[in-house]
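Asks: Predicted model, plus sequence, below.
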Amino acid sequence: MRTLFLPLFAIMLLVFSCSGRTGFEKAAATITSDELREYTMTLGSDNFMGRKPFTEGEKKTVSYLAEELEKIGFEPLFGDSWFQSVPMVEISTKVKGAVIIDAGNESLSLSAPDEIAIESPSMNPIVDLKNIPMVFCGFGIVAPEYGWDDYHNVDVRGKCAVVLVNDPGLYTGDTTLFRGRSMTWYGRWTYKYEEAARQGAKAILIVHETLGAGYDYSIPRKSSITSSLFMEQKEGDVPPCEMTGWLHAATAENLFRMLGYDVDRLRKEACSQDFKGFEMKAAITARLENAHTRNTSVNVAGILRGGSKPDECVVITGHWDHFGIGETENGDSIYNGAVDNGTTMAWAFEIGEAFAALDKRPSRSVIILFPTAEEQGLLGSYYFTANPPIPPEKMIACFNNDMMLAIGRMKDIMVTGYGQSELDDMLAEAVEKQDRYILPDPTPETGMYFRSDHFPFARIGVPSLFARGNCDSRGNGREWAAAKEKEYLTSMYHKPADNYYPEMNFDGIAEDAAATFEVAWRIAESDIRPRWNSMSEFAKVR
Ligand SMILES: [Zn+2]
């Protein structure tokens, strides 16, 4: 039902003229550094045993989160339950013997995981690939908005697609090609796996290259020998490729040289719209054995029902899971995840508490969601968006965070995935009042926008923001902040040292929460529907 059609500024005037009555300022003042500290200290304590899915630590964590949601005045989101069951399957793959690539008179015998890093997301216990033809498909991208289709003249059905990492924008530096250096969704390995499956390929191999991947070969190597969690496949889902993985750069170079090609030259040629994929005149043989274990974890979520449009909502997210108890480092075996992602859960609670403290309920509802299994590939948030308790078109915006550093007040607010939607402009207005500025993620080529829980929301068309102060300390400047971030990434990230420390300073996260609360409140209290920018790869969904 549409009542009024007003220009945006008129709506904003109306909203702000009402702000005294709704007690916005008073509500915003409930966001405090002390409470952020309290939540982080609790969630990062050994009591939660590293918050790993399927463990005792999960039980403790999710019941604590539900209790706290109730305390701040939220109701259960899933009927009378705070929990949404997320069924998952863990697959561990063993590669049997060597992987052979035959090319006419010559052949390569490759050993996994050092020369080729392969896994199988298949539900089959044995994947036996015998002489599967290989097809080179450029970047493996089908992107109608860029007039791009790497599969248009090749048939990969039942074959092995070989593709390049990232997207053509990175390698040409041409800002009009895709998004230049900023990685698009088409550059991510996850996208490439999905697209190859849609094309009917039996297997997919990505040619590793450190700049384009954002990490060196040790990362896919390690993950190929570690078991992975997947969502249970449903009827109607496109089945995944039976074998997925990466070719070490040296392996790819050998292979293509054997066939008479040069990888660097191929990459240059593949950056052109006229490039055509081709049959490689090579075939791959590999045998993989899969062990499957089924298990169920939960997403935790609460709702503060809106006053006049309770069926529409804004969503605040931060994953609850971490790595549990594992390999001991410096005498500590509990991977507490105080920063990844205790500080973010604290941020979400403080935003929720502020909403609950308003004199008048906002028109739209507010959902706080703590997804599970983010560290395993955003599985909880993917499950939530695939089985949404509220239709996607009623989710007006999503605000997610991850790894918020407690290093005091910041001048910047770094937007990961800057340029995707109008939420950037709304955030810019809010942080200007805090005397802060928007900073587009300085390393967009790493594709961080596709690596946290807002992303599954983006994929179903919900404009989503991932923003936090990160790079420019108010008191100590940029270099100091960069050193702090580096210190976290090298000595604490995904390590037992990611603990709560008394010297943590929560004043910056408090400002981040206040800015997010303001933007989320403006949306919750109005008819505003933030739009995707036209060149966003998600604009076409909504
Ligand atoms: Zn995280």
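Replies: Sure, I can see it.

Asks: how about the residues of the stretch 351-500 of the chain near the ion?
Replies: Proximity of the stretch 351-500 of the chain to the ion (CB under 5 Å from the ion) is limited to residues residue 402. In short, each C-beta sits where N, CA and C put it, glycine included.

Asks: Need the phi and psi values for the one residue in the stretch 351-500 of the chain that gets nearest to the ion.
Replies: Closest approach between the stretch 351-500 of the chain and the ion, counting by CB to the ion: residue 402, at 4.1 Å. Backbone torsions of residue 402, given as degrees, to the nearest 10, read phi -160, psi 140.

Asks: show me what contacts it?
Replies: Listed by CB atoms under 8 Å, 6 or more residues apart in numbering, the contact partners of residue 402 are 318, 319, 340, 341, 344, 374, 452, 453, 466.

Asks: And for residue 200?
Replies: 156, 157, 158.

Asks: From residue 379, how far off is the residue of the stretch 101-250 of the chain found nearest the ion?
Replies: Nearest to the ion, among the residues of the stretch 101-250 of the chain, is residue 229, at 15.1 Å (CB to the ion). Distance check for residue 229 against residue 379: by CB to CB, to the nearest Å, it reads 6 Å.

Asks: So between those two, which is more surrounded?
Replies: More neighbours surround residue 379 than the other of residue 229 and residue 379, with 27 against 20 (other CB atoms under 10 Å).

Asks: residues in contact with that one?
Replies: Contacts of residue 379 (CB under 8 Å, 6+ apart): 86, 88, 229, 230, 231, 371, 372, 373.

Asks: Outside of the one helix or strand residue 206 maps to itself, which residues are in contact with it?
Replies: Residue 206 belongs to strand 203-207 when elements are defined using DSSP states H and E. Strand 203-207 is contacted from outside by 116, 118, 129, 132, 134, 140, 159-165, 189, 192-193, 196-197, 241-247, 249, 252, 263, 284, 286, using CB under 8 Å, 6+ apart.

Asks: Which of the residues you listed fall within helices?
Replies: Taking DSSP state H as the definition of helices, the contacts of strand 203-207 contribute 189, 192, 193, 196, 197, 249, 252, 263.

Asks: thought the fifth one was touching residue 240?
Replies: Yes. Taking contacts as CB atoms under 8 Å, residue 197 lies within contact range of residue 240: 5.1 Å.

Asks: Tell me how far residue 27 lies from residue 520.
Replies: 12 Å.

Asks: which of the residues in the strand ranked longest in the chain are buried?
Replies: When the chain is parsed with DSSP state E, its longest strand is strand 278-304. Residues 280, 282-288, 290, 297-304 are the ones in strand 278-304 that count as buried (16 or more other CB atoms under 10 Å).

Asks: Just give the strands next to that strand in its sheet, each with its orientation.
Replies: Strand pairing for strand 278-304, using DSSP bridges, gives strand 75-76 (antiparallel), strand 83-103 (antiparallel), strand 126-136 (antiparallel), strand 364-370 (antiparallel).

Asks: Deepest in the core, which of these is it.
Replies: strand 364-370 (a mean of 27; mean count of other CB atoms under 10 Å).

Asks: The longest helix along the chain vs strand 278-304, what angle?
Replies: If you go by DSSP H, the chain has its longest helix at helix 507-524. Calculated by axes from the mean of the first three to the mean of the last three CA atoms, to 10 degrees, helix 507-524 forms an angle of 90 degrees with strand 278-304.

Asks: Helix 507-524 packs against which elements?
Replies: Applying 3 or more CB pairs under 8 Å, 6 or more residues apart in numbering; DSSP states H and E, we find helix 507-524 packed against helix 24-28, helix 33-43, strand 309-317, helix 343-356, strand 364-370, strand 395-400, helix 423-432, strand 464-468.

Asks: Quick one: the strands paired with strand 278-304 as a markdown table, columns for mean pLDDT and distance to residue 336 too.
Replies: Below are the strands paired with strand 278-304 laid out as a markdown table (pLDDT from 0 to 100; distance: least, CB to CB, whole Å):
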| stretch | mean pLDDT | distance to residue 336 |
| --- | --- | --- |
| strand 75-76 | 98 | 27 |
| strand 83-103 | 96 | 22 |
| strand 126-136 | 98 | 37 |
| strand 364-370 | 98 | 16 |
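
Asks: Of all these, which one is nearest residue 311?
Replies: strand 364-370 (7.5 Å; CB to CB).

Asks: quick one on the thing from earlier: now the longest helix of the chain: average pLDDT?
Replies: Averaged across helix 507-524, the pLDDT comes to 98.

Asks: Stretch 401-417 now?
Replies: Here the average pLDDT along stretch 401-417 is 97.

Asks: Distance from it to the middle of the chain?
Replies: 16 Å (CA atoms, centre = their mean, to the nearest Å).

Asks: Stretch 300-320 too?
Replies: 20 Å.

Asks: and that stretch, which residues are buried?
Replies: 300-306, 309-310, 312-320.

Asks: Show me this protein divided up by domain.
Replies: Taking automatic domain parsing as the reference, the chain has its domains at 8-73+305-524, 89-292.
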